[in-house]
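Participant: Structure for the following, please:
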Amino acid sequence: STSDIPAMLERQAVETMEAALKRAWALSDRLFEESLTPDALMAQPIDLRNPFLFYLGHLPAFAWNQARNQLDLPQFNAYYDDLFERGKDPDVEDPTKCHNHSEAPGEWPPVAKVRAYRDLVRKELQVGDRLKDLEKSQVLHMIVEHELMHVETLYYMVAQLDTASINDLGFKMSSTCHRIQARRVAVPAGRATLGAERDSFGWDNEFDVTKMEVEAFQIDALPITIGQFLDFKEDGGYARAELWRPEDWAWREKHNVTFPMSWSTDGKGAFHLRGAHAPVRIESVMDIPVFVSLAEARAFAEWKNGRLPTEAEWHRAAFGRPDGTESKYPWGDATPVPGEHGNFGFASNHPVAVGSYPAASSAFGVQDLIGSGWEWCDSVFEPFQGFEARSAYPGYSADFFDGKHFVLKGGSWATDKVMIRRSFRNWYQAHYPYVFSKFRVVYPHGAEP
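Facilitator: Predicted coordinates:
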């Protein structure tokens with residue numbers, strides 16, 4: 001009967017979120033058990049983050065702390081609940097400045113005990129109707145997306161490891177070493193709708209709906225490739241202060257940045273691509289997108305006599321249509337399918353050649369907006385009008401409205417399909433160089449290439 005439909009939809013919602021939770025667990029297990037060698041769990045390849053072991057405990061601790069606060073459940077390991085409660089994301093310029101986070105202990109607990117804690121949390125979450133109750137309050141959505149976000153950021157750390165600590169996930173050469181011919185597309189003036197309605201799950205920074213009028217501009221049809229970025233480097237891009245903003249140049253000089261952190265060097269002039277795989281010579285992957293910091297992307301854009309898109313311009317290029325309407329995704333309204341609409345959701349274990357998904361182009365002909373890497377926008381990460389912090393996680397966004405974090409849109413090869421929604425916003429500091437982050441350049445309307 002029709003009266004059963006709400007109950008049926010509720011059951012389906014729980015099943016799909018439960019399936020998403022188990023997929024998230026499987027992905028984090030794959031990372032900890034398969035991608036890393038056992039010795040690597042104590043490694044800390046990025047100084048600004050904790051060792052891998054912390055995250056092995058943090059993922060269940062976040063889930064359990066959220067669940068027990070929502071459902072008023074007793075603690076079974078208060079020390080771990082506190083020790084692994086929250087990770088750190090300090091100021092890149094001054095790492096002594098950091099939001100509220102769990103303090104590192106003098107000695108981390110044994111791996112076996114942290115695994116046992118994780119397994120017990122998973123078991124406890126599935127007792128009785130707990131998942132169903134967590135689904136109703138949207139806490140289950142938070143737990144699932146939090147786990148999936150960390151899987152991706154953990155792969156940023158994997159990419160910075162010595163290859164002896166990685167179990168090679170393999171790099172499938174989809175491309176030749178040819179260089180892509182850059183081209184621009186025109187995007188007419190029009191409206192961009194940022195944010196979301198409050199009728200479905202989203203993080204606090206995704207609300208409320210914000211409509212912005214955008215002037216006409218041109219934008220690269222494809223993300224900037226390794227080959228194009230190598231041209232910038234070989235033209236002295238890292239030695240020309242006039243291409244860099246003063247604060248970006250100061251960072252470059254302080255850390256002696258002369259190539260992207262997504263590359264490694266053998267010291268003899270050869271560069272290799274880092275990732276969850278053995279090193280790959282960049283000469284063989286000239287047509288995949290380059291991963292760089294916002295500072296490096298800005299310098300490249302200046303070198304090309306352009307700039308980076310704003311968040312509103314990126315939305316306009318991705319979701320706008322010539323008739324003035326907007327789509328849910330660049331390719332239209334069809335549900336995102338990894339490997340069909342882009343290189344996301346682990347369709348591949350690494351970035352792939354730009355232009356690999358022409359069927360997923362936006363209405364204006366902009367390609368590869370979702371997948372392989374997030375895309376930098378030169379917009380400070382700020383709240384939309386109507387922003388309200390979630391009581392369950394008040395610092396999720398608010399701790400980073402500091403004028404130093406910038407918005408990224410789209411998604412990488414390691415971004416799960418649940419985060420491929422129009423309103424989702426990622427954010428990082430301009431000088432944080434470890435993200436799977438690509439970019440494209442915007443030019444004035446009517447400018448000659």
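Participant: Could you pull up the residues touching residue 384?
Facilitator: 194, 195, 205, 206, 207, 208, 209, 210 (C-beta atoms under 8 Å, 6 or more residues apart in numbering). Any C-beta I mention is one placed from the backbone N, CA and C, and that applies to glycine too.
Participant: Distance-wise, check it relative to residue 391.
Facilitator: Noted for residue 384: a distance of 18 Å to residue 391, by C-beta to C-beta, to the nearest Å.
Participant: Please apply the same query to residue 293.
Facilitator: Taken as C-beta to C-beta, the span from residue 293 to residue 391 is 34 Å.
Participant: Pick out whichever of the two has more residues nearby.
Facilitator: Ranked by neighbour count (other C-beta atoms under 10 Å), residue 293 and residue 391 place residue 293 first, with 27 against 8.
Participant: Pretty sure residue 432 is one of the things the more buried one touches, is it not?
Facilitator: Yes: between residue 293 and residue 432 there is a contact under C-beta atoms under 8 Å: 6.4 Å.
Participant: Now do the strands in the stretch 201-350 of the chain.
Facilitator: 210-214, 217-220, 263-265, 271-273, 280-281 (DSSP state E, counting those that start in this stretch).
Participant: From residue 231, how far off is residue 282?
Facilitator: For residue 282, the distance to residue 231 equals 12 Å [C-beta to C-beta].
Participant: Show me where the stretch 301-449 of the chain dips below the pLDDT cut-off.
Facilitator: Across the stretch 301-449 of the chain, no stretch falls below the confidence threshold (pLDDT under 70).
Participant: Recalculate using a threshold of 80.
Facilitator: Across the stretch 301-449 of the chain, residues meeting the criterion (pLDDT under 80) sit at 449.
Participant: Quick check: the nearest residue to residue 66 once chain neighbours are set aside vs residue 132, distance?
Facilitator: Closest residue in space to residue 66, ignoring its immediate chain neighbours: residue 139 at 5.2 Å, by C-beta to C-beta, 6 or more residues apart in numbering. Look at residue 139 and residue 132: by C-beta to C-beta, they are 11 Å apart.
Participant: who's more crowded, these two?
Facilitator: Using other C-beta under 10 Å, the more surrounded residue of residue 139 and residue 132 is residue 139, with 21 against 16.
Participant: residues in contact with the more buried one?
Facilitator: By C-beta under 8 Å, 6+ apart, the contact set of residue 139 is 66, 67, 70, 392.
Participant: how about those residues in a markdown table, adding neighbour count?
Facilitator: Listed next are the contacts of residue 139 as a markdown table, based on neighbours: other C-beta atoms under 10 Å:
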| residue | neighbour count |
| --- | --- |
| 66 | 20 |
| 67 | 22 |
| 70 | 19 |
| 392 | 15 |
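Participant: And those residues, which is closest to residue 76?
Facilitator: Distances from residue 76 to those, taken as C-beta to C-beta, are shortest for residue 67 (12.0 Å).
Participant: if I've got this straight, that closest one is in a helix?
Facilitator: Yes: counting by DSSP: H, G, I helix; E, B strand; the rest coil, residue 67 is found in a helix.
Participant: what's the distance between it and residue 143?
Facilitator: According to C-beta to C-beta, residue 67 stands 7 Å off from residue 143.
Participant: what sits in contact with each of those two?
Facilitator: Taking C-beta under 8 Å, 6+ apart as the criterion, residue 67 and residue 143 both touch 125, 134.
Participant: Where does residue 156 sit, in terms of helix or strand?
Facilitator: helix 139-159 (DSSP states H and E).
Participant: Near the closest residue to residue 359 other than its chain neighbours, how many other residues are there?
Facilitator: Nearest residue to residue 359, sequence neighbours excluded (C-beta to C-beta, 6+ apart): residue 331, at 6.7 Å. Burial of residue 331 is recorded as 21 neighbouring residues (other C-beta under 10 Å).
Participant: and the residue nearest to residue 66, what pLDDT?
Facilitator: Residue 139 is assigned a predicted lDDT (pLDDT) of 95.
Participant: cool, residue 277 as well?
Facilitator: pLDDT, residue 277: 83.
Participant: which residues touch it?
Facilitator: Residue 277 neighbours (C-beta under 8 Å, 6+ apart): 166, 168, 169, 170, 171, 349, 350.
Participant: Next, give phi and psi for the fifth one.
Facilitator: So the one you mean is residue 171. Residue 171 has phi and psi values of phi -120, psi 110 when expressed as degrees, to the nearest 10.
Participant: how about the closest residue to residue 287 other than its chain neighbours, secondary structure?
Facilitator: Nearest in space to residue 287, with sequence neighbours left out and distances taken as C-beta to C-beta, 6+ apart, is residue 353 at 4.5 Å. The three-state assignment at residue 353 reads coil, by three-state DSSP.
Participant: Repeat that for the one 10 residues further on.
Facilitator: Counting by three-state DSSP, the backbone at residue 363 sits in coil.
Participant: isn't it right up against residue 326?
Facilitator: No: look at residue 363 against residue 326 with C-beta under 8 Å: they stay out of range, at 9.1 Å.
Participant: Name the residues contacting each of the two.
Facilitator: Contacts common to residue 363 and residue 326, judged by C-beta under 8 Å, 6+ apart, are residue 320.
Participant: What is the nearest of the contacts of residue 139 to residue 345?
Facilitator: residue 66 (23.9 Å).
Participant: Next up, the contacts around that closest one.
Facilitator: Counting by C-beta under 8 Å, 6+ apart, residue 66 makes contact with 134, 139, 142, 143, 392, 393.
Participant: separation between it and residue 145?
Facilitator: Distance, residue 66 to residue 145, using C-beta to C-beta: 12 Å.
Participant: what do you get for residue 274?
Facilitator: 26 Å.
Participant: cool, residue 342 as well?
Facilitator: Here residue 342 is placed at a distance of 19 Å from residue 145 (C-beta to C-beta).
Participant: Looking at these two, which is more packed in?
Facilitator: residue 342 (31 against 19).
Participant: Apart from its neighbours in sequence, what residue is nearest that one?
Facilitator: Per C-beta to C-beta, 6+ apart, closest to residue 342 is residue 371, 3.0 Å.
Participant: Could you verify my assumption that the one you found touches residue 344?
Facilitator: Yes: using C-beta under 8 Å, residue 371 makes contact with residue 344 at a distance of 4.2 Å.
Participant: So residue 282 and residue 231 - more neighbours on which side?
Facilitator: Neighbour totals were compared for residue 282 and residue 231, and residue 282 leads with 23 against 14 (other C-beta under 10 Å).
Participant: which residues of this protein fall in helices?
Facilitator: 5-29, 52-71, 78-83, 111-125, 130-136, 139-159, 226-234, 246-254, 294-303, 311-319, 395-398 (DSSP state H).
Participant: Perfect, I'm done here.
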